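Engineer: My questions are about this predicted structure, shown below with the sequence.
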Amino acid sequence: MPVTRFEILVRRPLAGGRAFGDVGPYEELRGRIHLAVDPASPANAAITDISLAPRDAAGRVACAADVSVLVPVDRARTSGRLLVDVVNRGNVVSLPNFNHAPRPTLGVDSDPHPPVDAGDGWLMRRGWTVVSCGWQCDLPSGVHGLLRLDAPEALDADGKRLKGRVYLQLQAPIDVPHFLLSDRGHAPYEAADLDERDAVLVVRDQPDGEPEVIARSRWRFARLDGGRVVPDPRHIHLDGGFARGRLYQVGYSAIGARLVSLGMVALRDCAAWLRHGGADEGNPAPGTLRHAYAYGRSQTGRLLRTMIHHDVNVDEAGRRVFDGIIANVAGAMLGEFNDRFGQNSKDRGAMMDHYEPRHLRPRGGLKVFFTNTSFEYHRGDASLVHTDAAGVEDVDPGPDVRVYHFTGTEHAFGAWPPTDDVPPAADVRGWTERSRHPRSVVNYGRLLRAGLANLDRWVTEGIAPPPSRHPRLSDGTAVDPDELAKTFDRILAACYPRHHPRPQRQDWSTLPPRPAAAYGTRVSAVDEDGNERAGVAVPEVTVPLATHTGWNLRHPDIGGAEQMLYFAGATLPFPRTRAERESTGDPRVSIAERYGSREDYLARVRAAAQALAAGRYMLEEDVELSLAFAARMWDAWA
């Protein structure tokens with residue numbers, strides 16, 4: 001067993017010791033697991049550079065991961081289900097996503113062991129054991145409370161540090177004199193040579209736009225400090241500064257290759273330890289957990305896709321670890337999670353050669369849900385999960401996979417009250433991004449809860465989940481994004497994007513890479529209101545008071561006004577009355593013309609919710625929650 005010890009740093013009751021139904025109270029055990037990984041095991045054959053890692057006296061590779069284990073105080077009341085919360089940039093995601101709990105906001109002044117908000121307790125009432133496990137070794141060093149992985153650096157045969165090329169994108173919503181050479185304030189790869197002549201810096205105004213090369217004499221590896229330009233291998237400085245909204249891309253030679261690939265090993269072995277480890281290995285619930293599932297969103301959804309691709313789901317004893325996986329809002333991308341000089345936080349598709357393979361076939365009986373919002377379709381890649389590369393044929397994802405598109409949603413869980421001003425997630429720099437339209441208000445967490453329940457029944461009872469729901473070429477609901485312009489051009493205030501970046505095949509033999517043919521991007525067709533026709537729609541979208549989109553534009557205040565704002569959808573409320581509709585020239589039927597009263601509207605929402613629950617795309621218990629979400633929209637807009 002690679003996990004050799006569980007070092008408990010904090011032991012405390014969850015939610016003040018409140019009881020969660022028949023399961024009773026929970027406790028949190030927060031600390032670190034210590035691992036000794038066998039580099040010669042067949043289970044680790046796909047792990048990049050593990051043969052170059054320093055070894056202990058037993059010939060194993062040592063690393064350690066921060067973990068938080070939530071488990072019933074009475075271990076006999078566990079359901080036997082383990083959910084591995086694949087933390088996003090060190091922050092928990094499962095309780096915010098399944099329990100509707102607020103996501104912690106962590107910073108330099110945060111508690112190193114932040115309290116856990118159990119939200120509405122949905123997972124706890126069902127007896128799930130939840131472990132949040134650190135897997136990322138490049139998290140911002142000054143932020144307390146994040147769950148990290150301590151991993152060694154790969155060294156060559158002479159014990160020297162490795163060098164290699166790094167390519168990353170930098171963008172800010174304000175003008176800045178310099179950038180840290182990383183995404184969102186994460187630990188950068190240091191430049192090996194501050195005077196490197198082959199380093200390159202380009203700037204674009206669209207992700208797939210023509211690059212403008214910035215002369216090497218105009219920029220350097222440095223930062224501005226008290227008005228002076230100071231050489232610094234961790235920063236890049238441009239004469240005259242970097243303009244807000246523009247996309248700067250830098251390629252350079254770095255030194256010091258952390259074994260980012262051990263993140264996949266830590267997740268796998270943490271789950272295997274909780275399933276099979278004994279009390280002598282520090283397992284806090286030995287012999288109680290029969291099934292293991294993993295949930296990741298965005299960055300960590302792509303990490304799980306990468307693990308599926310490399311089949312990192314068999315432990316060193318030859319046992320399958322995860323029975324089921326939900327990879328949420330990952331689109332068709334993998335990521336730099338198993339690469340030398342990989343950047344864990346990088347998430348811009350145009351910057352990575354990680355669209356292949358697009359169609360993943362889980363092995364060993366693993367069951368997988370790929371779930372995406374409308375944003376990932378408008379980003380340009382989600383449709384590639386279920387079409388061919390050209391986007392002209394539907395592709396069956398296979399018998400062990402379901403693909404669900406959450407209709408009219410953005411990457412996050414909807415902002416309420418409506419706003420156009422949202423801080424980027426997991427960004428320690430304190431910047432705020434503003435959108436042209438108010439952001440999406442649709443919360444799709446209810447669909448994920450049903451998804452986990454359906455996945456568990458598939459694994460434990462053999463009951464197949466509901467059929468995949470997503471745009472399809474065969475029924476005309478998967479279309480080129482340019483086709484939507486004719487609908488949104490009628491809605492005068494809509495500002496539909498005039499340019500949809502298309503994912504491209506790229507030649508990475510040079511930096512910046514040379515683009516080749518674009519993939520066939522497809523999005524959902526829309527109705528006359530601009531609402532999507534395909535996918536799984538929550539009742540508030542089925543019975544609409546607004547147009548809900550997976551796209552939004554950057555506000556001119558933050559630059560790049562013609563770019564789509566990454567991760568953002570939009571909410572465009574219908575006119576309230578016929579008079580308002582006619583005065584503004586809005587072609588959409590008004591709220592007053594659609595619904596006779598608040599009671600009429602909510603009755604239709606209830607019927608839509610019950611139909612969704614009957615199809616098992618939502619749980620019956622969440623019908624009332626849907627009514628609450630709908631009621632607040634009515635009170636705000638009608």
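Structural biologist: Great, that's in hand.
Engineer: Report the buried residues of stretch 151-166.
Structural biologist: Neighbour counts over stretch 151-166 (16 or more other C-beta atoms under 10 Å) mark A151, P152, E153, A154, L155, L162, R165, V166 as buried. Every residue, glycine included, has its C-beta placed from N, CA and C.
Engineer: What's the end-to-end length of stretch 331-351?
Structural biologist: One end of stretch 331-351 sits 15 Å from the other (C-alpha to C-alpha, to the nearest Å).
Engineer: how distant is it from the center of its chain?
Structural biologist: 12 Å (C-alpha atoms, centre = their mean, to the nearest Å).
Engineer: what does the average pLDDT come to for it?
Structural biologist: The average pLDDT for stretch 331-351 rounds to 95.
Engineer: What's the local residue count around P573?
Structural biologist: Residues near P573, counting by other C-beta atoms under 10 Å, number 18.
Engineer: if I pick it, what's in contact with it?
Structural biologist: Contacts for P573 (C-beta atoms under 8 Å, 6 or more residues apart in numbering) come out as L545, A546, W637.
Engineer: Could you do L627 as well?
Structural biologist: The contact partners of L627, taken as C-beta under 8 Å, 6+ apart, are L602, V605, R606, A609.
Engineer: swap the cut-off to 6 Å and go again
Structural biologist: L602, V605 (C-beta atoms under 6 Å, 6 or more residues apart in numbering).
Engineer: which SS class is it?
Structural biologist: helix (DSSP: H, G, I helix; E, B strand; the rest coil).
Engineer: okay, it: pLDDT?
Structural biologist: On the pLDDT scale, L627 gets 98.
Engineer: same deal with the one 3 residues further on?
Structural biologist: What the model reports for A630 is a pLDDT of 98.
Engineer: what number of residues lie near it?
Structural biologist: Based on other C-beta under 10 Å, the number of other residues close to A630 is 25.
Engineer: coming back round to it: with secondary structure, distance to R89 and neighbour count added, can I get the contacts of P573 in a markdown table?
Structural biologist: As requested, these are exported to a markdown table (DSSP: H, G, I helix; E, B strand; the rest coil; distance: C-beta to C-beta, whole Å; neighbours: other C-beta atoms under 10 Å):
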| residue | secondary structure | distance to R89 | neighbour count |
| --- | --- | --- | --- |
| L545 | coil | 34 | 23 |
| A546 | strand | 31 | 26 |
| W637 | helix | 34 | 16 |
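Engineer: mind putting those residues in TSV, pLDDT included?
Structural biologist: As requested, these are arranged in TSV below (pLDDT from 0 to 100):
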residue	pLDDT
L545	98
A546	98
W637	97
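Engineer: Could you give the bridge partners of V131?
Structural biologist: With DSSP bridges as the criterion, V131 is bridged to V69, V84.
Engineer: My guess is it contacts L70. True?
Structural biologist: No: between V131 and L70 there is no contact under C-beta atoms under 6 Å: 7.6 Å.
Engineer: Residue ranges in the chain under the pLDDT threshold?
Structural biologist: 425-426 (pLDDT under 70).
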